[in-house]
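*Asks:* Fold the stuff below for me.
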Amino acid sequence: MQKMAELLGLRDECGEGTLGAPALAGSCLADNRLNLDVYSDGCRRFLQLFKEQRGEVVQVEFLRLSSNDCLLDTTLGSLPHLTHLKSLVLKGGHARDEFGSYQHGSLTSLPSDFGNLRCLSHLDLSFNKLSTLPSCILHLPSLRVLLVSHNSLVTLPEDFGCLSKLTFFSAMKNRLKDLPQSIGKLSMLQDLDLSENALELLPEEVGNLHNCTELDLSGNRLLRIPDSLANLKSLRRLRLHSNLLVTVPASLASLPNLSRLDLQNNCLRAIPAEIQSLPFVHVRGNPLGETEPSLQAGNCKAPAAVVIHSCISSGSFTVPPEGCIVVLACGIHFYFPPGAASDPLRICFRSLTPDPQWVKLRHHDVLLSRVLELQPHGVQFQQEVQIWMPYISPQTPHQHEVVVRTFSGQSWSDLRTRVKQRRKPKKSVACCRVLHFSWFLVVSRLVQNECKVPAEGTLLFSSVDPNIKVIFPPGVTKEPRSVKLQVLPVSAEEIEEIIANAGCRASPLLYLSQDSTVDFLKPVRIQLPLPSGVTGLNLDRSRLHILHGDLEGQTWNDITSEVVLEFTHLYAVFEVTHFSWYWLWYTTKTYIGGIAKKVYERLRLYQVNFIALQRKKDPEQVLLQCVPKHKVDPVLKKLQDRYRGPEPSDMVEMFEGEQFFAAFERGISIDMDRPDCVDGRLSFIFYSHLKNMKEIYVTSPVDRKGQAVKGQVSFYRGAVPDSIPEDASRRRKGPDSLWLATLPIKLPQLKPRWDENPGLLYGFSFPPLNLGNAETGYLTQANLLSIARRVGADWQSIGLNLGLTYQQIERIGYNNREDLNKQILDMLFSWAQQNSEDPDCVSKLITAMKESGRQDIADEVEAIIELGRQKYSESIRRVGLEQESSTEDSAIAMM
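*Replies:* I've put the predicted structure just below:
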């Protein structure tokens, strides 16, 4: 907090902390503030301070703690003793789950004596697990700002209106179904955010909020809104998008201060002319003018509405009983036919980074998309819902097929999938039909042929190689069972490259599986083509081997002597009673099992190179990427105009879904607070068809003294994947075996960095930033950097509320992909440059933070501005201007 105090200007001219308590400097206590949510053990630090320096801690006015802290419950009992407390933040979201999403805090209630905090005016309980609003909150007489967003509230207390001083209330992303009538008693309320809930009706008393300027009811299930909203004469912004509205009162057009009315993505077929004529009304995504649904999807009657969702990685939408088509910004489409949901249903979606500990790929699978999570999990639809997911086309289309895979909570299973090539934009999409929602992703697997084997027997052959057949004789089973067949062709050139022996040949690799654990009652006949170049005429039987592999391909046993082999001119036929991997080899080698094991392992490996490039305009911006060998030249050609760097690393081999790390060494470091930074190293997961790329800023922690720094980045293997062969796993143990490659990184002669001189950002020189004016207080680059550190995943919402367009937000996200810090800085400084001449830009920033549910940042900005005002007043007094001004005013008054 000492560093933050410096950024906020909270240090006196002598350089001591504002409290003058050096013993507390290391504990982040400054200016009656305790910001402990940045520490994983913040509650422990608080309890230690409370025990050792209680006299000073009880004077604290601003306190921030993480509700993800395991000692939170113990800490709560001490908080009522902080009777001077004005602002309290007990917010979750400081930890991530196994899918990379922010975890809610553990807070479910507050102690009953919490009402003793008579001075508390700001309370943030966002990202927790509150199912009911703690009753003690209603006994906080000074409370002005209350945030309970991202909880599980179903209702608010009937006497909620007793919070008479409340000016800001945010309960976005809860489960509220209705509101108490007493909400109309909140006469001082100015900002009310109830978005992303399950509200179906609003009480008429909402019209009594005469001071309300911002009202957000988007993302609910509202069919209508009360006429009393026309009484809100102070209202400036009204957000009603993503509801089920079929009509809106024309009286809304009479609101004198209204500057934004958002009615997008509803079910409005007609809008009153008075509203439609307003220049600030937004109505996209409504079936205006339609008397019948006009869209078609397959053979089904089209839904009544098309919803175009602008959120990129997460969000929600409502499915009405009439059905709808939903288009997400990431390219995913949904088709909900009429009647799929009997009642309005709120659907939440998230796009997640695949984690190999959870996303278990099978042998020879290739991941083609991120993970899509749809909630509520397990909800049953009345009719099948279509999901269209874009994916990256695989490199081996003949022997692989694309399927959508879903997770039931216990295991992954493949859905019946059809694929389509879109022309505009050119993209491949996979479509599946489901009756319930969970997690979904797109994979490329070996082509799978399957059939039901009845007691009468049947024939199954491969569509990849029709010469491969499996014959089930009559009486092979009593009960019908399902059988699946997959084939992996292996060329003679591949084998020769792997084992450096031109005399070894092999047939396509055959995998058979069934849904029964019982062996067949009669032998099953398998026909495999002879290896390339081998026929029944030149066949040397002593060189032919039938290999049987276990399910994981870890061991390969020669079963030639255990089966009866029959030959034709082109085929070998043998009989088995149980299923697994089967491989026909033709070689003079004796230990054929070991050779097959080596070849099988190599067939699952990808040859890759690492690249480390520095941006030409800003060498401290480094691009790291793991690229499959055959893609290296095209990737480098695409990047050569903007980047330069050393030649790619030597070729290494990696498994699909294998973890690796990048460590900057020899005087070069990175921001250790990045979510993808583990023990000072960047974490990657290699997926052959996804971009294994990150672009980051590096720094030199040592004093360069005007000299260039010759550092390096080294790549190391991470955790050993569960499914890799034992031999490969053994080779990945030990410190020397983990190193993959090292590439040089050179930082040029020392120059000011953006965190030392914020006028330099991303290689562009900006004039000094001073937002606001001297009389009301300035926001400088240092202040903006301090603010940026708190923004986190809310940056897109904040950017939109600052006035940036969806296109600008998407461009910032794309240009700075894989680096959240740069996305935040790019958004914030782009806005600052565009609005540096606007005298009201600081108030707009504060408003945007409040609209985005970030009252904590709004308070921080206001504190900075207030400090600026104080310094300005003090400077005037020091030079005597204030006295002269007062004398002049008195003289004028006497005239």
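*Asks:* surely Ser393 meets Val429?
*Replies:* No: with contact defined as CB atoms under 8 Å, Ser393 does not reach Val429; the gap is 10.6 Å. All C-beta atoms are positioned from the backbone trio N, CA, C, and that covers glycine.
*Asks:* Tell me how this protein divides into domains.
*Replies:* Following the TED database, one gets these domains for the chain: 29-282, 306-446, 466-590, 605-720+737-747, 770-878.
*Asks:* Flag the shaky bits of the stretch 751-895 of the chain, pLDDT-wise.
*Replies:* Scanning the stretch 751-895 of the chain for pLDDT under 70 picks out the ranges 751-770, 772-778, 806-807, 817-818, 856, 866-895.
*Asks:* returning to what we had before: compare Ser393 and Val429 (neighbour count), which wins?
*Replies:* It is Val429, of Ser393 and Val429, that has more neighbours when counted by other CB atoms under 10 Å, with 19 against 13.
*Asks:* so who does that one touch?
*Replies:* Contacts for Val429 (CB atoms under 8 Å, 6 or more residues apart in numbering) come out as 331, 333, 388-391, 419-422.
*Asks:* Which of the residues you listed sits closest to Arg224?
*Replies:* His333 (29.0 Å; CB to CB).
*Asks:* The closest one contacts Trp388, doesn't it?
*Replies:* Yes: assessed by CB under 8 Å, His333 is found in contact with Trp388 at 3.9 Å.
*Asks:* List the ones among the contacts of Val429 that fall in strands.
*Replies:* Judged by DSSP state E, the contacts of Val429 include 333, 388-391, 419-422 as members of strands.
*Asks:* Please indicate which of these are buried?
*Replies:* Neighbour-count burial (16 or more other CB atoms under 10 Å) applied to the ones in strands among the contacts of Val429 gives 333, 388-391, 419.
*Asks:* Save these as TSV, and put in pLDDT too.
*Replies:* Below are these laid out as TSV (pLDDT from 0 to 100):
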residue	pLDDT
His333	88
Trp388	92
Met389	92
Pro390	90
Tyr391	89
Val419	89
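*Asks:* quick revisit: need the ones in strands among the contacts of Val429 in TSV (columns: distance to Ser152).
*Replies:* Shown next, in TSV, are those (distance: CB to CB, whole Å):
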residue	distance to Ser152
His333	30
Trp388	31
Met389	29
Pro390	32
Tyr391	34
Val419	39
Lys420	39
Gln421	42
Arg422	39
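*Asks:* Now do the strands in the stretch 351-500 of the chain.
*Replies:* Using DSSP state E, counting those that start in this stretch, the strands of the stretch 351-500 of the chain run over 366-367, 371-375, 385-391, 400-407, 412-415, 418-422, 427-434, 439-446, 448-453, 458-461, 469-472, 481-488.
*Asks:* quick one: low-confidence ranges for the stretch 1-150 of the chain?
*Replies:* In the stretch 1-150 of the chain, residues with pLDDT under 70: 1-31, 37-38, 96-102.
*Asks:* can you give me the helices in it?
*Replies:* 2-7, 22-25, 42-52, 54-57, 72-76 (DSSP state H, counting those that start in this stretch).
*Asks:* Please apply the same query to the stretch 201-350 of the chain.
*Replies:* For the stretch 201-350 of the chain, the helices defined by DSSP H, counting those that start in this stretch cover 273-276.
*Asks:* any weak-confidence spans in it?
*Replies:* Scanning the stretch 201-350 of the chain for pLDDT under 70 picks out the ranges 285-313.
*Asks:* Nearest to Ala341 among the buried ones among the ones in strands among the contacts of Val429?
*Replies:* The nearest member of these to Ala341, counting by CB to CB, is His333 at 17.2 Å.
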